[in-house]
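> My questions are about this predicted structure, shown below with the sequence.
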Amino acid sequence: MPLNSSYNDLITKINQWDHEYYVLDNPSVSDAEYDQTFRKLLDLEANNPALITAQSPSQRVGAKPLAEYRKIEHAVKMLSLANAFTLEETYSFFEKAAKELDIPPSTLTIFSEPKLDGLAISIHYEKGLLVYAATRGDGKIGEDVTHTIKTIKSIPLQLAIHNPPEKIDVRGEVFIPVAAFKKLNQMAEINGSKVFVNPRNAAAGTIRQLNPKVAAERDLQFIPYGLGEYEGKFNFTEHSEILNYFHTLGFRKNPHCYAFLGDFAEFEKNYHVMEQIRDKLPMQIDGIVYKINALQQQTSLGFIARSPKWAIARKFPAQNEITQLLEVDFQVGRTGVLTPVARLEPVFVGGVTVSNATLHNMDEIERLGLCMGDSIEIQRAGDVIPKVVKVVKIGTQRKPIIMPELCPVCSAPVERIEGQAAFRCTGGLTCPAQGAERIKHYASRKFMNINNLGTKLVDLLYSKGALKTIADIYSLKLSDIAELEGQGEKSAQNVLDSIEASKPTKLGTFLGALGIHEVGEESAKTIAKYFKNLNTISHATSEELMQVPDIGPVMATNVVNFFRDEKNQAIIKQILASGVTWQDEQSTSTHQQILAGQSWVLTGTLQNLSRDEAKALLESWGAKVAGSVSKKTSCVVAGKDAGAKLDKAESLSIKVMEEAEFLEAFNVSQESDIAS
């Protein structure tokens with residue numbers, strides 16, 4: 001497979017998994033599978049830096065927040081951690097850090113914390129009072145979950161000191177203790193309600209409850225692990241001091257934390273101690289977090305786009321069990337991909353009973369030599385859906401696993417595109433299995449941004465038959481919505497108003513909203529900018545599409561096939577006839593591309609522009625807007641409370657503009673100032 005295709009396949013796969021895990025709370029792969037795939041992406045980018053694109057998951061922290069919740073922007077980004085899977089990898093990580101600091105590794109003080117298996121939360125206090133709490137979200141913007149966080153008794157509503165800082169973000173993990181988790185599932189079985197697959201899933205589902213009474217009934221706990229925004233007298237020199245400070249504020253301590261010097265023998269000793277006590281702890285942990293304790297060293301090292309260079313998570317090995325493969329079902333996803341799902345003889349593994357496992361695709365089934373009736377080894381390490389590792393014993397009455405020729409939902413033909421592992425339903429926008437998810441994708445914030453048409457409402461309207469395709473959004477009537485449970489005429493009118501307000505859009509936004517497989521937000525913008533109008537895009541050949549920067553043969557083929565489908569064409573015509581419109585790309589930008597080839601970075605809070613507006617402005621001049629500062633950065637725009645990015649820019653002698661200077665420079669009459 002060509003390098004670009006392999007790279008694009010990895011990006012699409014990981015972004016989809018991120019969406020399932022962080023947005024839908026419905027992951028389809030194990031942590032081990034995700035970590036392995038992400039490592040492949042990082043290795044590919046490390047060896048081929050020219051491949052790296054803005055839509056790569058390595059360039060972001062995470063994924064986008066749910067549409068139903070109020071959004072909260074983190075003043076300081078919430079980072080996620082890189083993973084290590086061996087002691088050698090763990091030690092090597094800190095060897096590199098020590099080399100960058102120009103000191104021996106054995107002089108580093110390493111702080112060890114059990115890695116709690118829950119949901120990352122940032123709790124914001126002002127003058128000692130809890131103001132709001134938010135999930136990590138995509139690292140920059142999270143979901144407001146204050147209503148459920150306030151029900152957790154281990155979180156103080158008022159900090160337990162007389163001289164609290166003006167502002168402080170206490171960051172940590174919300175989790176459900178093992179005993180409380182067992183009790184929760186026992187009650188669920190008695191009541192015939194949903195049984196949670198593991199404590200992490202239970203904690204995440206509880207925090208996202210709209211009704212705080214439900215959260216209050218469950219014994220959620222919170223333990224802090226780090227500091228976000230802080231305004232006050234800062235006397236800390238070590239990470240361990242910050243954790244002790246949190247305890248004086250009224251928070252619980254993470255048990256079994258301690259510091260040691262960074263040599264290999266100490267890492268090995270620490271790991272084995274934690275592995276032995278793992279199953280005896282009252283909460284579930286899935287590894288150990290190692291951090292350089294000295295804050296000055298943390299600051300010197302900084303971070304890459306996705307994670308800090310001074311901390312890493314050492315994962316515990318996966319847990320394996322043997323069971324029998326009974327049947328294989330095929331599920332149809334939003335993009336039409338048919339995914340084989342193994343139905344297992346139920347087996348207890350990793351603390352829960354599992355009866356399903358992912359098989360990924362037919363190539364994986366062929367690689368495993370798997371048939372129904374075989375005894376198999378499955379692997380699980382705190383994941384939601386385990387992975388089939390290998391066939392242990394061939395069954396006496398085994399049956400082959402065959403991809404259906406017709407979609408199990410809409411009966412449209414199933415086809416496999418040459419060069420791809422996936423089989424897809426050709427029903428496109430009209431397949432019911434894809435319908436509701438395509439509508440949610442289309443209406444989502446980053447695409448058509450239909451504010452009041454949320455996930456639950458789409459599901460209700462879809463189940464009632466009022467929505468079948470994305471075109472049906474524009475034929476909704478007041479009565480379709482007002483007659484639904486929990487709705488009324490006022491809320492129904494708000495939905496219709498949002499739909500009407502969304503009609504003026506941009507070509508790139510509309511193209512991304514169509515949900516063409518592998519065509520994400522950035523790819524859609526790139527294609528729109530290159531071809532200028534929808535008619536040209538819809539008639540473009542694969543060869544013409546591959547002339548577009550960062551568009552490989554797989555994505556090009558997907559675009560061609562989408563627009564060749566007569567059913568898709570009919571739906572697009574319906575949408576356009578309803579009044580959805582945009583200016584073609586050639587008429588939307590009057591700017592010369594004077595920043596073409598330059599990489600700019602935005603940091604801090606801008607007073608006169610939103611971050612998205614500033615990004616759009618820079619892109620209209622041809623610049624690429626990156627998420628992190630490097631030697632290749634052309635300029636950094638620094639707003640209020642700019643942090644580590646500004647420090648790094650100054651250390652690399654990169655040009656820095658304050659917001660006022662930035663706005664003045666973008667006056668058309670001063671084009672030369674910008675380009676300098």
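Alright, I've got the coordinates. Model, not experiment: these values are computed from the prediction.
> Residue 156 sits in which helix or strand?
Using DSSP states H and E, residue 156 sits within no helix or strand.
> go on, residue 112?
Using DSSP H and E, residue 112 falls within strand 109-116.
> What helices and strands are in contact with that strand?
strand 221-231, strand 258-261, helix 264-277, strand 285-292 (3 or more CB pairs under 8 Å, 6 or more residues apart in numbering; DSSP states H and E). All C-beta atoms are positioned from the backbone trio N, CA, C, and that covers glycine.
> can you tell me the average pLDDT over the third one?
Right, helix 264-277. Helix 264-277 carries an average pLDDT of 90.
> Kindly report the same for the shortest one.
Regarding strand 258-261, the rounded mean pLDDT is 91.
> Please apply the same query to the first one.
Rounded to a whole number, the mean pLDDT of strand 221-231 is 94.
> now that strand and strand 285-292, what's the angle there?
Per axes from the mean of the first three to the mean of the last three CA atoms, to 10 degrees, the angle that strand 221-231 makes with strand 285-292 is 30 degrees.
> re the thing from before, what pairs with the strand holding residue 112, and is each one parallel or antiparallel?
If you go by DSSP bridges, strand 109-116 pairs up with strand 258-261 (antiparallel), strand 285-292 (antiparallel).
> buried set for the shortest one?
The one in question is strand 258-261. Neighbour-count burial for strand 258-261, counted by 16 or more other CB atoms under 10 Å, picks out 259-260.
> hmm, back to that, quick check: next helix or strand after the strand holding residue 112?
strand 119-126.
> got the contact list for that following strand?
74, 78, 80, 130-136, 142, 145, 149, 155, 159, 164-175, 200, 203-204, 207, 222, 228-229 (CB atoms under 8 Å, 6 or more residues apart in numbering).
> How far does the strand holding residue 112 sit from its chain's centre?
Its chain's average C-alpha position is 24 Å from that of strand 109-116, according to CA atoms, centre = their mean, to the nearest Å.
> And stretch 426-445, by the same measure?
20 Å.
> Report the rounded mean pLDDT for that stretch.
Averaging pLDDT along stretch 426-445 yields 86.
> For the chain, list the residue farthest from the centre, please.
Outermost residue of the chain with respect to the C-alpha centroid, by CA atoms, centre = their mean, is residue 396; its distance is 42.8 Å.
> CA-only coordinates of the longest strand along the chain in PDB, if you can.
As assigned by DSSP state E, the longest strand anywhere in the chain is strand 319-332. Below are the C-alpha coordinates for strand 319-332, written out as PDB (Å, rounded to 0.1, in the frame of the first residue of the first chain):
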ATOM      1  CA  GLN A 319      -5.300  -9.900  30.700                       C
ATOM      2  CA  ASN A 320      -6.100 -12.900  28.600                       C
ATOM      3  CA  GLU A 321      -8.800 -15.700  28.800                       C
ATOM      4  CA  ILE A 322      -9.900 -18.600  26.700                       C
ATOM      5  CA  THR A 323     -13.500 -18.900  25.400                       C
ATOM      6  CA  GLN A 324     -15.500 -20.100  22.300                       C
ATOM      7  CA  LEU A 325     -16.600 -18.200  19.300                       C
ATOM      8  CA  LEU A 326     -20.300 -18.900  18.900                       C
ATOM      9  CA  GLU A 327     -21.400 -16.600  16.100                       C
ATOM     10  CA  VAL A 328     -20.300 -13.500  14.100                       C
ATOM     11  CA  ASP A 329     -22.700 -10.600  13.400                       C
ATOM     12  CA  PHE A 330     -22.000  -7.700  11.000                       C
ATOM     13  CA  GLN A 331     -22.700  -4.200  12.200                       C
ATOM     14  CA  VAL A 332     -23.100  -1.200   9.800                       C
END
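> If you count contacts, what does it end up packed against?
So strand 319-332, by 3+ CB pairs under 8 Å, 6+ apart, packs with strand 338-349, strand 375-380, strand 387-393, helix 432-443.
> All the helices of the stretch 501-650 of the chain, residue numbers only.
507-513, 521-531, 534-538, 542-545, 553-564, 566-577, 585-588, 611-620, 644-651 (DSSP state H, counting those that start in this stretch).
> How far does the last one sit from its chain's centre?
In other words, helix 644-651. 26 Å.
> buried stuff in that helix?
Here helix 644-651 shows 644-646, 648-649 as buried, counting by 16+ other CB under 10 Å.
> What about residue 71, how many residues nearby?
By other CB atoms under 10 Å, 16 other residues sit near residue 71.
> do the same with the one 3 residues further on
Other residues near residue 74 number 21, with proximity taken as other CB under 10 Å.
> Out of the buried residues of helix 644-651, which comes closest to residue 260?
Among the buried residues of helix 644-651, residue 644 lies closest to residue 260 (CB to CB), at 26.4 Å.
> got the angle between the strand holding residue 112 and helix 264-277?
Going by the same axes, to 10 degrees, strand 109-116 makes 20 degrees with helix 264-277.
> ok, and what's touching strand 109-116?
The contact list for strand 109-116 (CB under 8 Å, 6+ apart) reads 94, 173, 175, 223, 225, 238-240, 254-262, 266-267, 270, 274, 281, 283-294, 313, 315.
> List buried residues within those.
94, 173, 175, 223, 225, 238-240, 254, 256-257, 259-260, 262, 266-267, 270, 274, 283-294, 313, 315.
> Just the buried ones from the contacts of strand 119-126, in PyMOL syntax?
Listed next is the PyMOL selection for buried residues among those, using 16+ other CB under 10 Å:
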select buried, resi 74+78+130+132+133+134+135+136+142+145+149+155+159+164+165+167+168+169+170+171+172+173+174+175+200+203+204+207+222+228+229
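> What separation do you get for residue 533 and residue 198?
Distance of residue 533 to residue 198, given as CB to CB, to the nearest Å: 49 Å.
> I should have written residue 357 there, sorry.
On the measure of CB to CB, residue 357 and residue 198 end up 15 Å apart.
> for residue 247, same thing?
Taking CB to CB, one finds residue 247 at 28 Å from residue 198.
> And for the nearest residue to residue 472 once chain neighbours are set aside, the neighbour number?
Nearest non-adjacent residue to residue 472, counting by CB to CB, 6 or more residues apart in numbering: residue 466, 7.0 Å away. For residue 466, the count of nearby residues is 18 (other CB under 10 Å).
> Do you know the pLDDT at residue 466?
Residue 466 is assigned a predicted lDDT (pLDDT) of 92.
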